[in-house]
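S.K.: My questions concern the predicted model and sequence given below.
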Amino acid sequence: MSTTNWNLEPSLESTAVVQLKDQYELFINGQWQAPKAKKYFATINPSDESHLSNIAWATEADVDLAVKSARNAYENVWSKLSGAERGKYLFRIARLMQEKARELAVLETLDGGKPIKESRDIDIPLACNHFFYYAGWADKLQEAFAGQQIESLGVAGQITPWNFPLLMLAWKIAPALACGNTVVLKPAETTALTALKFAEICQEAGLPAGVVNIITGYGDTGAALVVHPDVNKIAFTGSTAVGKQIQKACIGTDKKLTLELGGKSANIILEDAAVDQAVEGVINAIFYNQGHVCCAGSRLYVQESIAAQVIEKLKFRLQSIYVGNPLDKNTDIGAINSKKQLETIEKYISLGREEGAEIYQPTCQLPSKGYYCLPTLFTDVAQSARIAQEEIFGPVLAIQTFRTIDEVLQKANNSPYGLAAGVWTDKGARIFGLSSQLRAGVVWANTYNKFDPASPFGGYKESGFGREGGVHGLSAYLKITN
Amino acid sequence: MEILKTYKLYIGGQFTRTESGRSYQIQSASGQAIANACLGSKKDIRNAVQAARKAQASWAAKSAFNRSQIIYRIAEMLETRKGQFIEELVLLGHSNATAVAEVQSSIDRCIYYAGWADKYQALSSSVNPVSSPHFNFSVPEPMGVIGVVACQETALIGLISQILPLIVGGNCVVVIANTTKALCAISFAEVLATSDVPGGVVNILTGEVAEMLPTLAGHMDVNALSLAKIKDHLSRNAQEAAIDNLKRCQLYSLDYFDSKNQGLHFITDFQEIKTTWHPIEQIAGGAAGY
């Protein structure tokens, strides 16, 4: 029974608040500078494939200039400021971001395709709060590392992904600056606009020139940044494959490295769980942000005794999910970020069918232009199936059942990834028992996809190393010298 | 006639010969043959990793207090055998005074790390004040099985300084000992065998770093590497091999005689941080009172 031809009155967020330039330059040393090779590339709105703007393509020479300006700012200005002064700049930036929250939210949705509900209520507030949070750490670092001698690192090269562009920028820049480093950041090629808006905010905040540099481009720009000899620290969020290349490039250098990579997180529903809440949690875990989430709960393990009930409820719930224009406040699932990503997801959906899994999708009208994917469930999935082992990064859930706790623990941990896990049960001792045995950096018990600046986030195993957020997030940007 | 000692490998709590049946000579400072040590092989490494993994869950499951007791006992055993270690260090070319100092520092370091076993958690955990109605806490957890290339410059203090923070933190280790000065490493294995350290927690192999490290560095059931200063190309190759399963690699080039080269961060270098969330029920009727 599929009923998803909803006749909802569109509730479109206005784009009037956004002033888009025809062309964006690189932000180096506090100024907008044209890329040396004079190359630009188009950025489009994935919800309807319309052209948004032209973005500068930084080459090695531009990267070098950016690193030089970051180094200069570090040696002559930023490292000479007290922590309290650094903190004041970060507080100012946080305030300016709050004041421009609506513009940032709409821009994020236009550029990346995520629903306005999410960019407005989650991405942008969390990004602002991240700056607020780390602003307060800037003059308290010694107390976080009592009895130890700490130093900032110098210049940090940072590469951010397209799934939470501004939020990931906040996760990178806020702690780096709080700890006394300067940064050169390369945002993802499909979603540079909010990073460029952030550069304008840095100017408005009077941040000293060179403390933050934003260089746009493709993977080659990022690669040039990673191998630059005068960068002291690399922070990368993206795919495991690229993360490994970066780890290799850092060998033989003194560069400190942190990586936030992929995941195939297990979401586990036990028979004594609050089923309705668990179902809602599963929906959120895999369909939030179109499933473009490294910690998405993309594997569901449901205890046999309640499996039929849970699966039926999931299928029913799928019919009230609205896939549509990201700017529409009714939309639950927005656009897939790019044609390339949509192709990847569709490839996995075909693979799932080939591997013998049973597919369920609601039938509903998808917009005729733009990149969209129906929320998808697979049942009868084998543990060894590629759709159960490989990261799809889309709204596709692989469902398996289990009989005993020992079994689900083994299956949940049977993955090269280890980013997050979900546990749904009413029994407290079981929560502690399972969460302590799950090999994952984040465990959500009776909830999922919760983030906070004060909460350390990061993976075990091939999901990466290092933590972002909280007091633990400071370690990535300091060296202990005693 | 003196009975010469056979120096074997220490794997899974047992003293075993290398499965390759080979040995090499440990020489004194003046070039005299002191002993034959086992020339460890790739298979020995794989056996050691298996033993370490087998022991890891139960080592980590012991109470932190229990671990502190066990590691303190290492210090007790080391103290008892002080003379043996001093003798070996002198044979390897150290002056008596230096040898005594190194053994004393080693004992002190054991005691130092024993004390950390049930305290580092409090200093590296946090309850995180999230803005939503959730209880949120972060705790350290051992990484698992760590491959170690021990300090190739010192015979004892480096080995101890590298291993202890790892096992204090609930990890199990596979150690490639100092090749030329392997005596103390195997004697230390005897200390471990007579302390209450369960078999498999520390595994010590002697032989060539160049031969054994690639297997250790590329082993998919090893979580991390602790590398002392070795030849550049060996270190490089090891770090590259480590990438396959994203091993966490720490490189140390330290003077372990310096008392500042012990500390909390040596423990946390080999800990993961796990953050857990749980909703807090909002109870409508209750009002806080005095």
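M.R.: Arrived safely.

S.K.: Name the residues of stretch B:186-193 that are buried.
M.R.: By 16 or more other Cβ atoms under 10 Å in any protein chain shown, the buried positions in stretch B:186-193 come out as B:186-189, B:191-192. C-beta here means a position set from N, CA and C on the backbone, and glycine is covered the same way.

S.K.: Just say helix, strand or coil for residue A:166.
M.R.: Judged by DSSP: H, G, I helix; E, B strand; the rest coil, the three-state class of residue A:166 is helix.

S.K.: Which parts of chain B are strands?
M.R.: B:6-7, B:9-11, B:14-16, B:23-27, B:33-38, B:126-127, B:134-142, B:145-149, B:172-176, B:202-205, B:224-227, B:248-251, B:271-279 (DSSP state E).

S.K.: want to throw those into TSV with mean pLDDT and mean neighbour count?
M.R.: Converted to TSV, the strands of chain B look like this (pLDDT from 0 to 100; neighbours: other Cβ atoms under 10 Å in any protein chain shown):
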stretch	mean pLDDT	mean neighbour count
strand B:6-7	86	18
strand B:9-11	98	27
strand B:14-16	97	15
strand B:23-27	93	17
strand B:33-38	92	19
strand B:126-127	98	14
strand B:134-142	98	19
strand B:145-149	98	28
strand B:172-176	98	28
strand B:202-205	98	28
strand B:224-227	98	24
strand B:248-251	98	17
strand B:271-279	98	23
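
S.K.: My guess is residue B:139 contacts residue B:274. True?
M.R.: Yes: counting by Cβ atoms under 8 Å, residue B:139 does reach residue B:274; the two are 5.7 Å apart.

S.K.: Nearest to residue B:169, out of the buried residues of stretch B:186-193: which one, please.
M.R.: Closest approach to residue B:169 among the buried residues of stretch B:186-193 (Cβ to Cβ): residue B:192, at 16.7 Å.

S.K.: how many other residues sit next to residue A:77?
M.R.: 15 (other Cβ atoms under 10 Å in any protein chain shown).

S.K.: got the contact list for it?
M.R.: For residue A:77, the contacting residues are A:208, A:210-211, by Cβ atoms under 8 Å, 6 or more residues apart in numbering or on different chains.

S.K.: For the residue in the stretch 51-200 of chain A positioned nearest to chain B, grab the count of nearby residues.
M.R.: In the stretch 51-200 of chain A, the residue that lies nearest chain B is residue A:148 (6.5 Å; Cβ to the nearest Cβ). Neighbourhood size, residue A:148 [other Cβ under 10 Å]: 15.

S.K.: Please export the C-alpha coordinates of stretch B:172-181 as CSV.
M.R.: Output in CSV follows, covering the C-alpha atoms of stretch B:172-181 (Å, rounded to 0.1, in the frame of the first residue of the first chain):
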residue,chain,number,x,y,z
CYS,B,172,48.5,-6.7,24.6
VAL,B,173,51.9,-6.3,22.8
VAL,B,174,54.1,-8.1,20.3
VAL,B,175,57.6,-6.8,20.8
ILE,B,176,60.6,-7.0,18.5
ALA,B,177,63.4,-6.6,21.0
ASN,B,178,66.7,-4.8,20.7
THR,B,179,68.5,-7.0,18.3
THR,B,180,72.1,-6.7,19.6
LYS,B,181,71.3,-6.3,23.2
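
S.K.: wait, does that stretch contact chain A?
M.R.: No: with Cβ under 8 Å from any Cβ of the partner chain as the criterion, chain A is not reached by stretch B:172-181; the gap is at least 15.5 Å.

S.K.: ok so, going back, format the contacts of residue A:77 as TSV; extra columns: distance to chain B, secondary structure and pLDDT.
M.R.: Formatted as TSV, the contacts of residue A:77 follow (distance: Cβ to the nearest Cβ, whole Å; DSSP: H, G, I helix; E, B strand; the rest coil; pLDDT from 0 to 100):
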residue	distance to chain B	secondary structure	pLDDT
A:208	31	coil	98
A:210	30	coil	98
A:211	27	coil	98
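
S.K.: Out of those, who's the most crowded?
M.R.: That'd be residue A:210 among those, by other Cβ under 10 Å, with 27 neighbours.

S.K.: contacting residues for residue B:162?
M.R.: Contacts of residue B:162 (Cβ under 8 Å, 6+ apart): B:148, B:150-151, B:175, B:226, B:228, B:252.

S.K.: interface residues of the stretch 1-150 of chain B facing chain A?
M.R.: Checking the stretch 1-150 of chain B against chain A by Cβ under 8 Å from any Cβ, the hits are B:124, B:126, B:128-132, B:134, B:136, B:138.

S.K.: Excluding chain neighbours, give the residue nearest to residue A:402 in space.
M.R.: Counting by Cβ to Cβ, 6 or more residues apart in numbering or on different chains, residue A:408 is the residue found nearest to residue A:402 once chain neighbours are left out, at 4.2 Å.

S.K.: Centre-most residue in chain A?
M.R.: Taking Cα atoms, centre = their mean, the centroid of chain A lies closest to residue A:164, which sits 4.3 Å from it.

S.K.: List phi and psi for the residue lying closest to that one once chain neighbours are set aside.
M.R.: With Cβ to Cβ, 6+ apart as the criterion, residue A:164 has its nearest non-adjacent residue at 5.9 Å, and that residue is residue A:123. The phi and psi torsions at residue A:123 (degrees, to the nearest 10) take the values phi -50, psi -60.

S.K.: what secondary structure does residue A:7 sit in?
M.R.: Here residue A:7 takes the coil state, with states given by three-state DSSP.

S.K.: Chain B versus that one, what's the distance?
M.R.: 34 Å (Cβ to the nearest Cβ, to the nearest Å).

S.K.: Now do the contacts for that residue.
M.R.: Contacts for residue A:7 (Cβ under 8 Å, 6+ apart) come out as none.

S.K.: How many residues are close by residue 223?
M.R.: I went with chain A, as the question did not name one. 19.

S.K.: Hmm, no, I was thinking of chain B.
M.R.: Neighbour tally, residue B:223, other Cβ under 10 Å: 25.

S.K.: List phi and psi for residue A:333.
M.R.: phi -110, psi 120.
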